[in-house]
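Participant: my questions are about this predicted structure, shown below with the sequence.
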Amino acid sequence: DRERLQAVEQLGRVGGAGAVAELSGMLDGGRLYLRRAAVSALGRIGGQEATAQLISLVEQNDPRLLSYALDALGTAGGDEAVKVLTAEAENRRARDRTTAISALGEAGGDKAFKTLEKLLADPMPSVQRAAINALGNLGSAQAKSRLMTICQDGTRAQREEAISALSSFSGDDVQMLLSG
C-alpha cells in the first residue's frame with residue numbers, strides 16, 4: 001500500500017490528462033486513505049477536468065471525502081472552484097462550512113474576497129474566525145486592509161484573530177500594529 005500511496009502522490013506532482021483519469025478511477029473504491037490522497041492529488045493538478053471531479057465529490061456529500069474535496073478545490077483554484085466553495089461557505093447547513101471558508105482563502109481572487117467579507121457578519125463566531133483567517137491566506141492588499149480595519153473596529157475575539165492573520169503580511173503598517 002505504501003507504493004500505491006507514493007504512486008498517487010507522484011501522479012499529483014506530474015499531472016496531465018492521464019493522471020487525472022487514473023486518479024479519478026480511484027475515487028469510487030478502495031482504501032479510504034488512498035481515495036483521500038487521490039482527491040488531494042487532483043487538487044494539486046487543478047484544471048478543468050480535475051476540478052470537475054472535485055465538484056462531483058462535493059455534490060455527492062460523502063462525509064468521508066467532503067472536507068478533502070473542499071480543500072482540494074481551494075488548492076486547484078479557479079472560478080468554478082470558487083463558485084462551489086462560496087455556495088458551501090454560505091450554506092448554514094453545510095457540514096464542512098469552515099473548511100469551505102478556509103479553502104476560499106487558498107483559492108483566492110476577488111470573488112473569494114467578497115464572500116469572505118460577507119461572512120465576517122455571520123452570527124456564528126466560528127464562521128467569523130474562519131473568514132478572518134482565510135483573509136490572511138488571501139494575501140491581497142484588499143484582504144490586508146480589511147484585516148487592519150478589523151484590528152481597529154472588531155470585537156476582541158475578531159481583533160485577536162485578525163492580528164494572527166496579519167502575521168503573514170509584511171509592511172511597516174502591519175509591523176507597527178503587531179508590535180504595539
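Facilitator: Everything's here; your move.

Participant: where do the helices sit along the chain?
Facilitator: With helices called from DSSP state H, the chain shows them at 2-14, 17-25, 32-45, 47-60, 66-76, 79-90, 97-107, 110-119, 125-138, 141-153, 156-166, 172-179.

Participant: and the first one with helix 47-60, angle?
Facilitator: Helix 2-14 and helix 47-60 meet at an angle of 120 degrees, taking axes from the mean of the first three to the mean of the last three C-alpha atoms, to 10 degrees as the criterion.

Participant: who are the packing partners of helix 2-14?
Facilitator: Contacting helix 2-14 under the criterion 3 or more C-beta pairs under 8 Å, 6 or more residues apart in numbering; DSSP states H and E are the following elements: helix 17-25, helix 32-45. For every residue, glycine as well, the C-beta is placed using N, CA and C.

Participant: any chance of a markdown table for these, columns mean neighbour count?
Facilitator: Output for those, formatted as a markdown table (neighbours: other C-beta atoms under 10 Å):
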| stretch | mean neighbour count |
| --- | --- |
| helix 17-25 | 16 |
| helix 32-45 | 22 |
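
Participant: including mean pLDDT, could the helices of the chain go into a markdown table?
Facilitator: Putting the helices of the chain into a markdown table (pLDDT from 0 to 100) gives the following:
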| stretch | mean pLDDT |
| --- | --- |
| helix 2-14 | 93 |
| helix 17-25 | 94 |
| helix 32-45 | 97 |
| helix 47-60 | 96 |
| helix 66-76 | 97 |
| helix 79-90 | 96 |
| helix 97-107 | 96 |
| helix 110-119 | 96 |
| helix 125-138 | 95 |
| helix 141-153 | 94 |
| helix 156-166 | 93 |
| helix 172-179 | 65 |
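
Participant: in a markdown table, list the helices and strands packed on helix 2-14 along with distance to residue 1.
Facilitator: Below are the helices and strands packed on helix 2-14 laid out as a markdown table (distance: least, C-beta to C-beta, whole Å):
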| stretch | distance to residue 1 |
| --- | --- |
| helix 17-25 | 16 |
| helix 32-45 | 7 |
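
Participant: which one of the ones you listed lies nearest to residue 122?
Facilitator: For the helices and strands packed on helix 2-14, proximity to residue 122 was assessed by C-beta to C-beta; helix 32-45 is nearest, at 25.5 Å.

Participant: would you put the C-alpha positions of the closest one in PDB?
Facilitator: Extracted C-alpha coordinates of helix 32-45, given in PDB (Å, rounded to 0.1, in the frame of the first residue of the first chain):
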ATOM      1  CA  LEU A  32     -10.100   5.400   2.200                       C
ATOM      2  CA  TYR A  33      -6.600   6.800   2.700                       C
ATOM      3  CA  LEU A  34      -5.800   6.200  -1.000                       C
ATOM      4  CA  ARG A  35      -9.100   7.800  -2.100                       C
ATOM      5  CA  ARG A  36      -8.300  10.800   0.100                       C
ATOM      6  CA  ALA A  37      -4.800  11.000  -1.300                       C
ATOM      7  CA  ALA A  38      -6.300  10.900  -4.900                       C
ATOM      8  CA  VAL A  39      -8.600  13.800  -4.000                       C
ATOM      9  CA  SER A  40      -5.700  15.900  -2.800                       C
ATOM     10  CA  ALA A  41      -3.600  15.000  -5.900                       C
ATOM     11  CA  LEU A  42      -6.500  16.200  -8.100                       C
ATOM     12  CA  GLY A  43      -6.400  19.500  -6.300                       C
ATOM     13  CA  ARG A  44      -2.700  19.800  -6.900                       C
ATOM     14  CA  ILE A  45      -3.200  19.100 -10.600                       C
END
